[in-house]
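Student: Quick check, what structure comes out for this input:
(chains A, B, C and D)
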2 protein chains.
Amino acid sequence: MKKSPEEIQHQLSHFMDLLKRAGVKITYQRLEIFQEVAKSQDHPDAETIFKKVRARVPTISLDTVYRTLWLLLDYGLITTLGQPRERVRFDGNMISHHHFVCRKCGMARDFYSHEFDSLPANEEVKGLGTVESSHVEFRGLCSKCLQDSE
Amino acid sequence: MKKSPEEIQHQLSHFMDLLKRAGVKITYQRLEIFQEVAKSQDHPDAETIFKKVRARVPTISLDTVYRTLWLLLDYGLITTLGQPRERVRFDGNMISHHHFVCRKCGMARDFYSHEFDSLPANEEVKGLGTVESSHVEFRGLCSKCLQDSE
DNA sequence: GTTTATGCAAAACCTTTGCATTTTG
DNA sequence: CAAAATGCAAAGGTTTTGCATAAAC
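Tutor: Numbers count the residues shown, from 1 in each chain, chains lettered A, B, ... in the order given. Next up, the predicted model:
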């Protein structure tokens, strides 16, 4: 589902509004980086975004890209695949299971559900390849972070 | 759901069997590392596993831990949270969506489903915290990797 | 005895930080 | 003009690699 130029434009206005209200400066670099991520379809890494933006802003540096991406994340304008700023974590539980992940502290706990083990894939998904398993991730706040924020 | 000592023992036999058949050497270090991950409940990182194993094998080094963990992953004896050996990836799509991920090449594609946006959490999950959203990940082989393996 | 794994140290890799300069509001 | 952001270079943290030694088969 590719975004229309109008939709990108609309998101861009929202982005500028949000920064303005927060007293954060709107720079040429930030606008370009935001647009690049907003129109991306393939979950790019920082380096990829850097290269694409550099084609239009030759003086941009990689650390500005990182700083901007974390800023966008803080303002809830983008998300990451998996937990950001984390090292690899290993899982010795080979029984099919699912996760509850705390969006604040990153705590991940297993739970089990036969129903979720084999959710039905629709035609759109079947067209992408062969589906072997399904995994559910519930996101929210864990009891501990809930208490801390009260 | 904590594993019983018998279950760990059973998994250990399976592990040794598999390595033997593959002509891979069974070492003290590998046995200890495997057991540590097998009994873990909290998705530890390499450093954590290293520290725990070092308590029993004082001469072990961190690079052996990494080499062994990737070995275990290759043999399908453990998994990782998120994609292994990957940098952070950003997602500019803020509409609630789900993923199909290829287990071979790591390709991740979005798809949409109102049903999956709010799957019902059971009592076990509700006890962990407040659930805000649900996300489904289908895993399998993408069309491209499927072709390559034929 | 031959092959493979280990431990060490050094490298590679991705991401972050300090600081002088430039840009924004 | 004051405050904040950029670009540079250097540092930080995690993961990987080359190689001599040690262990497994």
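
Student: Only C-alpha atoms from now on, for both contacts and neighbour counts.
Tutor: Fine.

Student: residues in chain A within reach of DNA strand C, list them.
Tutor: Within reach of DNA strand C by CA under 7 Å from any atom of the strand, chain A has these residues: A:20, A:24-28, A:45-47, A:62-63, A:66-67, A:85.

Student: Next, residue A:57: secondary structure please.
Tutor: Secondary structure state of residue A:57, per DSSP: H, G, I helix; E, B strand; the rest coil, is coil.

Student: check contacts around it.
Tutor: Neighbouring residues of residue A:57 by CA atoms under 8 Å, 6 or more residues apart in numbering or on different chains: residue A:29.

Student: again with residue A:18
Tutor: Contacts of residue A:18 by CA under 8 Å, 6+ apart: none found.

Student: Double-check that it belongs to a helix.
Tutor: Yes: with three-state DSSP as the criterion, residue A:18 is part of a helix.

Student: Pull up the per-residue confidence for it.
Tutor: Per-residue pLDDT puts residue A:18 at 97.

Student: and the strand ranked longest in chain A, what's its mean pLDDT?
Tutor: With secondary structure taken from DSSP state E, chain A has its longest strand at strand A:129-142. The average pLDDT for strand A:129-142 rounds to 97.

Student: DNA strand D versus the residue sitting furthest away from the middle of chain A, what's the distance?
Tutor: The centre of chain A is farthest from one residue, residue A:114, which by CA atoms, centre = their mean lies 27.7 Å away. Distance from residue A:114 to DNA strand D, counting by CA to the nearest atom of the strand, to the nearest Å: 31 Å.

Student: Tell me how far that residue lies from residue B:127.
Tutor: 19 Å (CA to CA, to the nearest Å).

Student: Equivalent analysis for residue A:15, please.
Tutor: Separation of residue A:15 from residue B:127 (CA to CA): 36 Å.

Student: between the two, who's got more neighbours?
Tutor: residue A:15 (19 against 12; other CA atoms under 10 Å in any protein chain shown).

Student: does the nearest residue to residue A:83 once chain neighbours are set aside count as helix, strand or coil?
Tutor: Leaving aside its chain neighbours, residue A:83 sits nearest to residue A:106 (6.9 Å; criterion: CA to CA, 6 or more residues apart in numbering or on different chains). Of the three states, residue A:106 takes coil under three-state DSSP.

Student: Need phi/psi at residue A:106.
Tutor: phi 80, psi 0 (degrees, to the nearest 10).
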